[in-house]
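# Show me the folded form of this:
(chains A and B)
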Amino acid sequence: MNQNIERIEVFLDESKEPLQVLTGPPFKVTLDTRQIPDGPHTLRVVTTFKGGQVEEEVIDFEVDNLPGPFIDGIDDGQQVRGSVEFEVVSGDYAAPKSGGGLSIVGAVLSAVLVLGLVWFYFAFAPSAKEIVKETAAAPQEATAHEGAAGDAAAGKDVFAAQCAICHGANAEGGAGPALAGAPIVENAAQFDKIVKEGTGGGMPPFAQLSDKEIADVRAYLSSLGGGAAPAGEEAAPAAAPAGGAVDSAVMSEGEQLYLASCASCHQPNGTGMATFPALAGNANLADADLVIDRILNGKVPMPGFAGQFSDEQVAAVATYIRNSWGNDFGPVSPDEVAAKR
Amino acid sequence: MYRNDTVLPFFGVLFGVALWYMAYLDGLHIARLAGHTPEELSVGQLGLITFGIVFFLFGAIGYVSAWLEGSELRPGKHEPPGGAAPMVVIFVLALLLVGLSGLFVNAILYGLTEGPLKPAFMGQLSAAILLVMALLLIVYKKFFVEDEVLVEDEHSEVPW
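I've put the predicted structure just below:
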């Protein structure tokens, strides 16, 4: 590669005379910068090849042999009193070019401190917790108050389109039971389950309805209250003796007991099976004594539950079946059960 | 020969966005047929979104690569440009990163002590953390890492 080079001339700045002429390897140039003034300079390297071709390369550089004085021991703006000792470092090659820079250790420590504080703030500060609470907390009342959240007006439309053909235009009942003011409407979980899965008997599943639409229907039915006259007239005489409001806690306990001990024969939706009678829409349930007697003593092939259930449990189951699936016969008290034991 | 231009990445991003849009239209169609918007994604939507993500990532990686290395590699050492502005960007991103990490810990503690969190929140937070980390690495590589490109003889005629 070097064989083609005839000579290399090195020029400094605008000088016509070359600083050095190199004709063979090693192509090394020594430049003593102390012989030239501080400041910007240009080095021109002209390579002449054997064929006569010339190539020129220009390199700019800066000489700084005399750095300005550096004051060590007193800082700009520093307050001093008494006798002060400081050193003026001038023209020292070893002197730092600036004394105000942050050391690497200092920079790392500062970064760790700042970032650590930010992290600590976001991890543990009460105000950051508020941020999490507002942005990330799941809405707690979504399931509990779903019924209240429904839009009754929208539910009326859904009801008219999907439900009214069986349950009547005003939910007064028809091929299906009356729903206006029925206890099942207030039991959101069970209502939704029946709508989505059907009763396994007469009512088909309505899986195409969204949770929002079901909630709307529930809100609509809830808004009707017990005021649907036709259903009220029929139910009133039978329900009147029991009277009183049904305790939702008792209903819930009754539901658990019913699902555990009764649903295998009478079915979870009270539709009955084979010789086991349907409880949904069963007018015989209006007679509280009959219901209590059946639960306590059974009737072939149904076993009695007197030995398994306490008075409160029998009352809960009786209350549940008398006020579910469209039934509205009022609660049964433990005292009534105790009287029948 | 080394090509690192943005033609393929452009089409990658374009296909990715198109597939996402198809998944969205599919959702609208399903909602129209069903009469309501189902909570879950359909199999078709899952497939479209998956391939959309693949194409989008392919394109995004291509763009990042083109930005970091240029469309052609040139032999030699390449000094990083450095500078104050990238330093400020890195500092801001670092602050954001530790802030988000702190929030992540806060959310874990909140979930343990106070109550449930929105199901997607932790996922979104960790995704944001990873995104900021990626941006940090990209900016650091671009402005503060020296590059050296070496030239080697080709070992075979098979281009890959």
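# Other residues contacting stretch B:142-154?
With contacts defined as Cβ atoms under 8 Å, 6 or more residues apart in numbering or on different chains, stretch B:142-154 is touched by B:67-69, B:73-83, B:86. Using the backbone N, CA and C atoms, a C-beta is placed for each residue, glycine as well.
# Weed out the non-buried ones from the residues you listed.
B:E69, B:P86 (16 or more other Cβ atoms under 10 Å in any protein chain shown).
# Just the ones of the contacts of stretch B:142-154 in helices?
Assigned to helices by DSSP state H, the following of those qualify: B:W67, B:L68, B:E69, B:P86.
# contacting residues around the first one?
If a contact means Cβ under 8 Å, 6+ apart, then B:W67 has B:I138, B:K142 as its contacts.
# where's it relative to B:I53, distance?
Distance from B:W67 to B:I53, counting by Cβ to Cβ, to the nearest Å: 21 Å.
# nearest to A:E85, of the contacts of stretch B:142-154?
Here the nearest of these to A:E85, counting by Cβ to Cβ, is B:G82; it sits at 38.1 Å.
# For that closest one, report the pLDDT, please.
Listed pLDDT for B:G82 reads 83.
# Check the gap between it and B:P75 for me.
From B:G82 to B:P75 the distance is 22 Å (Cβ to Cβ).
# May I have stretch A:299-306 as CSV, with CA atoms only?
Presented in CSV, the C-alpha positions along stretch A:299-306 are these (Å, rounded to 0.1, in the frame of the first residue of the first chain):
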residue,chain,number,x,y,z
LYS,A,299,-95.0,-36.5,52.3
VAL,A,300,-94.0,-39.7,50.4
PRO,A,301,-91.7,-39.6,48.5
MET,A,302,-90.5,-36.4,50.1
PRO,A,303,-88.6,-36.9,53.5
GLY,A,304,-89.3,-34.6,56.5
PHE,A,305,-86.6,-32.2,57.6
ALA,A,306,-87.7,-31.7,61.2
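# Need the contact partners of it.
Outside stretch A:299-306, the residues that reach it (Cβ under 8 Å, 6+ apart) are A:S261, A:C265, A:T275, A:F276, A:R294, A:I295, A:L296, A:N297, A:G298, A:V314, A:V317, A:R341.
# Which two among those are spaced furthest apart?
Farthest pair in the contacts of stretch A:299-306, by Cβ to Cβ: A:T275 and A:R341, 26.7 Å.
# tell me which parts of chain B are close to chain A?
B:34-39, B:94-95, B:98-103, B:105-107, B:109-110, B:114-119, B:121 (Cβ under 8 Å from any Cβ of the partner chain).
# Sitting in strands, which of the contacts of stretch B:142-154 do you find?
B:G76, B:K77, B:H78 (DSSP state E).
# hey, what's the first one bridged with?
The residues paired with B:G76 through beta bridges, assigned by DSSP bridges, are B:V149.
# follow-up on the earlier one: with respect to pLDDT, which of the contacts of stretch A:299-306 ranks lowest?
A:T275 (72).
# Tell me the pLDDT of the closest residue to that residue other than its chain neighbours.
Using Cβ to Cβ, 6 or more residues apart in numbering or on different chains and skipping the chain neighbours, the partner closest in space to A:T275 is A:P301 (6.7 Å). Confidence at A:P301, expressed as pLDDT, is 75.
# Around the residue of chain B found nearest chain A, count how many other residues there are.
Among the residues of chain B, B:G102 lies closest to chain A, at 2.8 Å counting by Cβ to the nearest Cβ. Here the number of neighbours of B:G102 (other Cβ atoms under 10 Å in any protein chain shown) works out to 22.
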